[in-house]
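>>> below: sequence and its predicted model.
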Amino acid sequence: MSLNIGDKAPEFVLPASTGEDISLKDQAGKKVVLYFYPKDDTPGCTKEACGFRDASDELQALGAVVLGVSADSVKSHEKFVGKYELNFPLLADTEKVVANSYGAWGEKQRYGRTYMGMNRMTYLIDESGNIERIWPAVKADGHATEVVAAIKGA
């Protein structure tokens, strides 16, 4: 599925590292930074998550919430959150339903091998649930700063 700026963001409900289910509908009235990442506690994913952690005060001041999504389990997310003191929920999309609806699950290549995996990408969803910005191929280092700048400029 291909999503574009201005489209209604696909609704979802996923179990979170906080022990509750989180839905997009629950975030109405806030900007949502929905970022998809490949795997908990790996170098790039840790850099990206810690970047969002460090930018959280600024993001909150801008009326935005951060939700990280990977195919890892809630238990894996809980360890990742604890190890790096992440201050936002990580959502467990173990069946890849949400990732598929956002186009984040797909074919990848590494060392000449093709496989299916989570693509590192981010959506900025506005207060009404519409897609405001898409980062289709994210560089983990510095991404949170890029997102903050986009929200400030929006």
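Nice, thanks for sending it over. Numbers count the residues shown, from 1 in each chain.

>>> every contact and neighbour count from this point should use C-alpha atoms.
Fine.

>>> so Gly19 sits in a strand?
No: in this structure, Gly19 is coil, not part of a strand, as judged by DSSP: H, G, I helix; E, B strand; the rest coil.

>>> which parts of the helix or strand of the chain with the lowest mean pLDDT count as buried, going by neighbours?
Taking mean pLDDT, DSSP states H and E as the measure, strand 105-110 is the helix or strand of the chain with the lowest mean score, a mean of 88. Neighbour-count burial for strand 105-110, counted by 16 or more other CA atoms under 10 Å, picks out Trp105.

>>> so the helix or strand just after it versus strand 105-110, what angle?
Per DSSP states H and E, the first helix or strand lying C-terminal to strand 105-110 is strand 113-118. When axes from the mean of the first three to the mean of the last three CA atoms, to 10 degrees is applied, the directions of strand 113-118 and strand 105-110 differ by 140 degrees.

>>> can I get the CA coordinates of strand 113-118 in PDB?
This file holds the C-alpha atoms of strand 113-118, laid out as PDB (Å, rounded to 0.1, in the frame of the first residue of the first chain):
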ATOM      1  CA  ARG A 113      21.000 -11.500   0.100                       C
ATOM      2  CA  THR A 114      17.300 -10.600  -0.300                       C
ATOM      3  CA  TYR A 115      14.900 -11.000   2.600                       C
ATOM      4  CA  MET A 116      11.700  -9.500   4.100                       C
ATOM      5  CA  GLY A 117      12.200  -7.000   6.900                       C
ATOM      6  CA  MET A 118      11.200  -3.700   8.500                       C
END
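
>>> what about the residue nearest to Glu78 when sequence neighbours are not counted, how many residues close to it?
Spatial nearest neighbour of Glu78, chain neighbours left out: Ser17 (5.1 Å); criterion: CA to CA, 6 or more residues apart in numbering. Ser17: 24 surrounding residues under other CA atoms under 10 Å.
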